[in-house]
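# My questions are about this predicted structure, shown below with the sequence.
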Amino acid sequence: MRHCSSLTRRRLLTLAAGAAAVLGIDSASGGERPATLPAPNPSSRLPGGRAMQTRVIPSSNEPLPVVGLGTYRGFDVATSSPAYKQLREVLDALFAAGGSVIDSSPMYGRAEQTTGELLSIHEPRSPAFLATKVWTRGRQEGIAQMEESLRLLRTDRIDLMQIHNLVDWQAHLPVLREWKAEGRIRYLGISHYTASAYDQVEAVLRAEQLDFLQINYALDDRAAEARILPLCRERGVAVICNRPFGGGGLLRSLKDKPLPGWAAQVEVNSWAQLALKFILAHPAVTCVIPGTGNPKYMAENAGAGFGPTLSDAQRQQLIALVKG
């Protein structure tokens, strides 16, 4: 299978990117931009000769590129559709910038299958860090669903398996530990995308040793800052942030406002990049996964993985701007 033969290469590519990186300090996968925003030129968003910044996964010290790709909606398309035809360019834009994380789920319709199809024909072999989820009840049902994810993604090993929305997590977590020990998955974690579940998320984080948490966090959705993000730092859990544009509403609210005067100093030329940089400036965050099926937006999003990290003063200015 494709990923079986490329695991060593992927690992070497990731390590090489980490060594060269400039170190920085869905709707569940993030919202699309409103249609009224102009499409950026992807070539202007990929700084030549530099690798995307990385953050280490605490449980392994493996470096992970800070901007990835969510497949919710954008990859749930038929092969005959015009939208499908441009998804290969979305992957090209991700990999060209040094990104690798691709997040999917059985609940995202055809997204897993689309991802597997496109990666199977990608040349050169992709450095994808594949993340997906188990989202069902019952141990055997969960095993069957994960086996199907392997088939659809056309791989025999998934980098990160997450228990989506904590559905029947007590039944699935022992299986994930077994699969990790067997080498069928590399990392395990849980995911959610709503603040109403934070009490349960916190309880699981305190009770269990996990590699990853995927959670909603955005400039206009900062509830995770109170307890969840600090707890992940304390427990050594990597954090993937979904819904980085607040489901899309954040960018719509900012599109007519001028960028701060210091935006060029942090190598930002769009609100999308600035919103992503805000998230990445939090020390608990490992990676952000804005969702898109548009290669121009993927290239723009990837640009947030370059340049200086926002200062505390800059973050506070953005918070005040959104509140105002």
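Looks like it came in fine. Residues are numbered from 1 along each chain as shown.
# From here on, just use CA atoms for contacts and neighbour counts.
Fine.
# Name the nearest residue to Pro58, sequence neighbours excluded.
Gly236 (5.3 Å; C-alpha to C-alpha, 6 or more residues apart in numbering).
# Quick check: phi and psi at that neighbour.
Note on Gly236: its backbone torsions stand at phi 70, psi 40 [degrees, to the nearest 10].
# Name the next helix or strand downstream of the helix or strand of the chain with the lowest mean pLDDT, please.
Across the helices and strands of the chain, mean pLDDT, DSSP states H and E gives its lowest value to helix 2-20, namely a mean of 38. Downstream of helix 2-20, the next assigned helix or strand under DSSP states H and E is strand 54-56.
# Need the pLDDT of the residue nearest to Pro58.
You'll see Gly236 listed with a pLDDT of 98.
# what about it, how many neighbours?
By other C-alpha atoms under 10 Å, 18 other residues sit near Gly236.
# Phi and psi next, for the most centrally placed residue in the chain.
Nearest residue to the geometric centre of the chain (C-alpha atoms, centre = their mean): Ile289, 2.6 Å. Dihedral pair for Ile289: phi -130, psi 70, per degrees, to the nearest 10.
# Could you do Pro260 as well?
Dihedral angles of Pro260 (phi, psi; degrees, to the nearest 10) stand at phi -60, psi 150.
# could you list every residue that touches the residue nearest to Pro58?
Pro58, Ser59, Asp211 (C-alpha atoms under 8 Å, 6 or more residues apart in numbering).
# just those now: which is nearest Gly70?
Asp211 (19.0 Å; C-alpha to C-alpha).
# That closest one against Val237, yeah?
Yes. The pair Asp211 and Val237 passes the contact test of C-alpha atoms under 8 Å, sitting 5.2 Å apart.
# got any residues that touch both of the two?
Joint contacts of Asp211 and Val237 (C-alpha under 8 Å, 6+ apart) are Ile57, Pro58, Ser59.
# Just the buried ones out of those residues, please.
Using 16 or more other C-alpha atoms under 10 Å as the burial test, the shared contacts of Asp211 and Val237 include Ile57, Pro58 as buried.
# now the shared contacts of Asp211 and Val237 in a markdown table, with distance to Lys296 and pLDDT?
Conversion of the shared contacts of Asp211 and Val237 to a markdown table gives the following (distance: C-alpha to C-alpha, whole Å; pLDDT from 0 to 100):
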| residue | distance to Lys296 | pLDDT |
| --- | --- | --- |
| Ile57 | 28 | 98 |
| Pro58 | 32 | 98 |
| Ser59 | 34 | 98 |
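# between the shared contacts of Asp211 and Val237, which is closest to Ser105?
Ile57 (21.1 Å).
# Please verify my assumption that the closest one contacts Leu160.
No. Counting by C-alpha under 8 Å, Ile57 does not reach Leu160; the two are 11.6 Å apart.
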